[in-house]
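[1] whatever this is, show me its structure:
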Amino acid sequence: MIGEPGIFTPDQTTELARFYHANGYATLRGLLDAEGIAVIERECVSAQDRVIRGELDARYGSTVFLDDASKAQRFANYVEYVNELAPSVPALLADEALLAAVRAAIGENAWLRSDDGFGVVYQDARPGRESGYSRIGWHSDWQASPSMDIWPSAAFTIHIDATSPANGFLRVVPGSHRWATPAPFRNVNNVEVPATAVPARGWTDAAPPFAMPLGFEKVPGEIGVYLERGDILLHDGYLWHSAARATDDDTTRRHVRGGFFAGTRPPAGAPAEFVKNAAR
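    Below you'll find the predicted structure:
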């Protein structure tokens, strides 16, 4: 572990897994060097520019995550399936040190969700006037697809920018991945939750000690997680988390995100399920 709780080097797989199982998240630091993250940045920014210029298929540009979809014509907060556009991304996600950490976290049969859903996504979460994004409210990832049998999962976030209060950061409730969190039968965005949704999921059958807020309220036990450029955060699909809004509109918070799963892999062409979380 590197000096502070939850941060581990690539040769500390056992220690990382122990912390992850207890808390629901862990950070891998040192797998990417300065040149490695610079290549990812160049390729992802290039893909983003091509989306903005209309040079790529609609498959790669997303408005589903946005607070204000009307701004998508002027700016691209997201590039979906960036794994098909930035060769450095799938190369990193095949790295044996990263895969060892993922398998230790969720199981040996972990697989990358890269060719359905939204694939691997590049996110530019800048808060400026041109942006259609500001923040994401409390949720656990499994609530976005509560009918699917793809769980458990470990989401990954490859940080191009370091995070801080100025540019926004992750809020988490350590240990909440062990609660059986209910499916979002009430949804702040008024998105219909499918009747086939599993009632609750988590690593145990223990009910949460309090209800998950629909928005951005303070949650008992929550902490802020700050990352450095090149860090790779793993967080559990059942973990309660949200993203704090940046306080400086002139900053950027860019990262590449996606997920490894240990449940049933959907057959090719199967429809995706996405219940949008609180974003505003």
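[2] and the next helix or strand past the top helix by length along the chain?
    When the chain is parsed with DSSP state H, its longest helix is helix 34-52. Using DSSP states H and E, the helix or strand that follows helix 34-52 in sequence is strand 78-79.
[3] isn't F156 right up against R257?
    Yes: if you go by CB atoms under 8 Å, F156 and R257 touch, sitting 6.6 Å apart. Glycine gets a C-beta too; all of them are placed from N, C-alpha and C.
[4] more neighbours: the two, which one.
    Per other CB atoms under 10 Å, whichever of F156 and R257 has more neighbours is F156, with 23 against 18.
[5] the more buried one - that's part of a strand, no?
    Yes: assessed by DSSP: H, G, I helix; E, B strand; the rest coil, F156 belongs to a strand.
[6] distance between the ends of stretch 115-125?
    Terminal residues of stretch 115-125 lie 23 Å apart, using CA to CA, to the nearest Å.
[7] so how far is stretch 157-173 from its chain's centroid?
    11 Å (CA atoms, centre = their mean, to the nearest Å).
[8] flag every buried residue along that stretch.
    The neighbour-count check on stretch 157-173 (16 or more other CB atoms under 10 Å) flags 157-161, 163-164, 167-173 as buried.
[9] now render those as CSV, adding secondary structure.
    CSV is the format used below for the buried residues of stretch 157-173 (three-state DSSP):
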residue, secondary structure
T157, strand
I158, strand
H159, strand
I160, coil
D161, coil
T163, coil
S164, strand
N167, coil
G168, strand
F169, coil
L170, strand
R171, strand
V172, strand
V173, coil
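[10] tell me the one of these nearest E273?
    T157 (21.7 Å; CB to CB).
[11] OK, contacts around the closest one?
    The contact partners of T157, by CB atoms under 8 Å, 6 or more residues apart in numbering, come to L227, I232, L233, H235, H255, V256, R257.
[12] out of the residues you listed, list just those in strands.
    Mapping these onto strands (DSSP state E) picks out I232, L233, H235, H255, V256, R257.
[13] identify the farthest-apart pair in these.
    Based on CB to CB, the longest span within the ones in strands among the contacts of T157 runs between H235 and V256 and measures 14.3 Å.
[14] helix, strand, or coil at A17?
    Going by three-state DSSP: A17 is helix.
[15] quick check on the nearest residue to it once chain neighbours are set aside: phi, psi?
    Of all residues not flanking A17 in the chain, A104 sits nearest, at 3.6 Å (CB to CB, 6 or more residues apart in numbering). When quoted as degrees, to the nearest 10, the phi and psi of A104 stand at phi -70, psi -30.
[16] do I have it right that A104 meets T13?
    Yes: A104 is within contact range of T13, at 5.2 Å (criterion: CB under 8 Å).
[17] P174 reaches Y20, doesn't it?
    No: judged on CB under 8 Å, P174 makes no contact with Y20 at a distance of 10.6 Å.
[18] out of the two, which sits in the more crowded spot?
    For P174 versus Y20, the count of surrounding residues by other CB under 10 Å is larger for Y20: 25 against 19.
[19] quick one, what contacts that one?
    Taking CB under 8 Å, 6+ apart, we find Y20 in contact with A26, A104, A105, A154, L234, D236.
[20] for stretch 221-228, give the mean pLDDT please.
    Averaging pLDDT along stretch 221-228 yields 97.
[21] got the end-to-end distance for that stretch?
    The first and last residues of stretch 221-228 sit 23 Å apart, counting by CA to CA.
[22] ok, stretch 194-214 next?
    Terminal residues of stretch 194-214 lie 18 Å apart, using CA to CA.
[23] quick one: contacts of that stretch?
    For stretch 194-214, contacts defined as CB under 8 Å, 6+ apart pick out 137-140, 142, 146-147, 151-152, 176-183, 185-188, 219-220, 236, 238, 240, 273, 275, 278.
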